[in-house]
Every structure is written in C-alpha cells, then in structure tokens.
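Q: Turn this into a model:
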Amino acid sequence: MALVITFPAGNFQLSSPSSESNPAENLYLTRRINPLEPKKIVGLPLGGACIGITIGTSIELIFSSLSSSSYYPGVPEFLNSFGNENVAVLIERLIYAAYGIISSFAGLLYRNETRPLILNTALHFGIILICGIAAGSYLKWWGSSFDMLGVIITIVLIYLLIWLFNWLVGRAEVKKMNQKLR
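A: As a prediction, the model looks like this:
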C-alpha cells in the first residue's frame, strides 16, 4: 500500500520496498515528477513573456521616475539608434518577453531532484544573470562598468526576493502538512 501526496511540482509516494517486509521498518519516500501537460507547455512561454514584459516595463517606470519627471520607454542611446522609436520599443519589449520565457524554462531545472538544490539554484541564477547581462548590453543599459555593476546588483536583488518568496511559500506548505500529520 502506498500513500501519495500531490503537490504542484509532482507527486510524492510513501511506500514499502516489498510487501513481505515490515512497512514501518522500510518506508521510503520517492518523488514522481509529472510530465508537463500540453496546457503547461503552451502556458509556460506565454506566462513567462507576460512576466518578462511586466518586470521590464516596471523597471523602466522606476528608473524614469528616479531620473526625471518624464517617462522614457528605454535608454535614450538605444531608442535613438533606430529611425523609429516605436520599432525600438517593440524590440525592447520582445527582449523582455524572451528574457521572461527563458526564465520560465530555466525554472524547469528545479524539477530535477537528482542534482542538489544548491546546484539547481546556481544553474538557474547563472542563466538568469547571463541573460540579464546580454539583454542589458544590447539595450545599452550601461555606459560604464559602474552602471553594469548596478544592473547586476539589481538582478541579484530581484532574484533574491523571488527566491525568498518561494522559500516562504514552501515553508508554509510544509508547516501545514506537518500539522495535518499530527
């Protein structure tokens, strides 16, 4: 007999290795990862694109309000490098969407539980940071090494906030499960 506990990331199964042994002595926990459903495969890039555009435009708004009273949809050096500002903003939004999509697919790294969590986190962070640096270089987010350092620090802070939020949610789920088991 097996007890199956379902989570959004997959099912956990508590079972005995053989029916002949004493289940209380030989219990073990295995994780069965559900394959991605077609709806999730479509939803992952769509959701990632929306999140990427939302975060990108929010950061634009924050930096615009800190630097002046006018809204700038991007760095003037990048916007002026195109003959049409609308084309520049469209390209910028497409880059934000691509960043969000890559970030969403990078999240699938956490589904692999054969690697230690710290390695999955480091791989995920590396992907996010490299994509952030690539996007920032193309969009001319920095004119100097000091500006680049500021963008990297911003990426690290956003990453840490999201990681902390996910950790707190996971911790609350574990507490609820422990209370139900008592």
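Q: use CA for all of it now, contacts and neighbours both
A: Noted.
Q: if I pick Leu123, what's in contact with it?
A: Leu109 (CA atoms under 8 Å, 6 or more residues apart in numbering).
Q: I'd like the distance from the helix or strand encompassing it to the chain centre, please.
A: Per DSSP states H and E: Leu123 is located in helix 117-138. From the chain centre to the centre of helix 117-138 is a distance of 10 Å (CA atoms, centre = their mean, to the nearest Å).
Q: How far does the helix or strand following that helix sit from its chain's centre?
A: Sequence order places helix 145-181 as the next helix or strand after helix 117-138, per DSSP H and E. When distances are taken as CA atoms, centre = their mean, helix 145-181 is centred 10 Å away from the chain's centroid.
Q: orientation of helix 145-181 relative to helix 117-138 in degrees?
A: Angle, helix 145-181 to helix 117-138, by axes from the mean of the first three to the mean of the last three CA atoms, to 10 degrees: 150 degrees.
Q: what's around the residue nearest to Gly107 when sequence neighbours are not counted, how many residues?
A: Nearest residue to Gly107 in three dimensions, chain neighbours excluded: His124, at 6.8 Å (CA to CA, 6 or more residues apart in numbering). Neighbour count for His124, taken as other CA atoms under 10 Å: 19.
Q: And for Val156?
A: So Val156, with other CA under 10 Å, has 15 neighbours.
Q: could you check the distance from it over to Gly83?
A: With distances taken as CA to CA, to the nearest Å, Val156 is found 34 Å from Gly83.
Q: Same question for Ile128.
A: Counting by CA to CA, the gap from Ile128 to Gly83 is 31 Å.
Q: neighbour-wise, which of these two wins?
A: When Ile128 and Gly83 are compared for neighbours, Ile128 comes out ahead with 22 against 9, by other CA under 10 Å.
Q: Please, which helix or strand holds the residue lying closest to that one once chain neighbours are set aside?
A: Spatial nearest neighbour of Ile128, chain neighbours left out: Ser103 (6.3 Å); criterion: CA to CA, 6+ apart. Under the criterion DSSP H and E, the helix or strand holding Ser103 is helix 85-106.
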